[in-house]
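1. predicted model follows, preceded by the sequence.
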Amino acid sequence: MANIRNGRPYRRLTAYQRGLGLPCWLCGYEIDYRITGDEAKRSSWAFTLDHAQPLSLGGSLLDPANARSAHRKCNSARGNRTAARAPQRVSRRW
Ligand SMILES: [Zn+2]
């Protein structure tokens with residue numbers, strides 16, 4: 001199965017979003033854009049391409065309007081939630 005994240009459109013979008021130099025949209029702190037290559041795959045503070053509407057909820061992988069800049073750690077901590085600190089939608093707490 002082909003991985004769309006290895007495709008050129010995805011890489012182009014990643015490069016574009018990275019080039020914006022934005023802070024992390026989840027925590028609001030600066031992203032360390034000096035971290036690149038293999039180090040970026042390990043660093044919690046490196047840039048990752050995140051998506052405002054999670055892919056698992058129907059968000060577009062390749063739509064620039066859905067692209068966000070995030071720290072690796074914030075991106076992975078977020079999972080499928082639609083906002084960083086959104087309260088869990090629990091209808092009853094008892
Ligand atoms: Zn962050």
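-> That came through fine. Numbers count the residues shown, from 1 in each chain.
2. okay, buried residues for the helix or strand containing L13 please.
-> The secondary structure element spanning L13 is helix 8-19 (assigned by DSSP states H and E). By 16 or more other CB atoms under 10 Å, the buried positions in helix 8-19 come out as 13, 17-18. The C-beta positions use only the backbone N, C-alpha and C, and glycine is treated the same way.
3. output the below-cut-off pLDDT ranges for the protein.
-> Low-confidence segments of the chain, defined by pLDDT under 70, span residues 1-2, 79-94.
4. can I get the buried residues of helix 8-19 in a markdown table including distance to T48?
-> What follows is these, written out as a markdown table (distance: CB to CB, whole Å):
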| residue | distance to T48 |
| --- | --- |
| L13 | 12 |
| Q17 | 9 |
| R18 | 9 |
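5. near the ion, list only the ones from those.
-> The overlap between the buried residues of helix 8-19 and the neighbours of the ion (CB under 5 Å from the ion) is empty.
6. residues touching the residue most central in space within the chain, list them.
-> With distances taken as CA atoms, centre = their mean, the residue of the chain nearest its centroid is D50 (1.6 Å). When the contact criterion is CB atoms under 8 Å, 6 or more residues apart in numbering, the partners of D50 are 25-26, 67-70, 74-75, 78.
7. of those residues, which is the most crowded?
-> Counting by other CB atoms under 10 Å, A70 has the largest number of neighbours within the contacts of D50, with 25 neighbours.
8. before we move on, back to that, right, and out of the contacts of D50, which lies closest to the ion?
-> If you rank those by distance to the ion using CB to the ion, C74 comes first, at 3.3 Å.
9. find the nearest non-adjacent residue to A70, please.
-> The spatial neighbour of A70 that comes closest, neighbours along the chain excluded (CB to CB, 6 or more residues apart in numbering), is D50 at 3.8 Å.
10. checking that neighbour next. Helix, strand or coil?
-> When classified by DSSP: H, G, I helix; E, B strand; the rest coil, D50 comes out as strand.
11. where along this protein do the helices fall?
-> Assigned helices in the chain, in chain order: 8-19, 37-42, 72-78 (criterion: DSSP state H).
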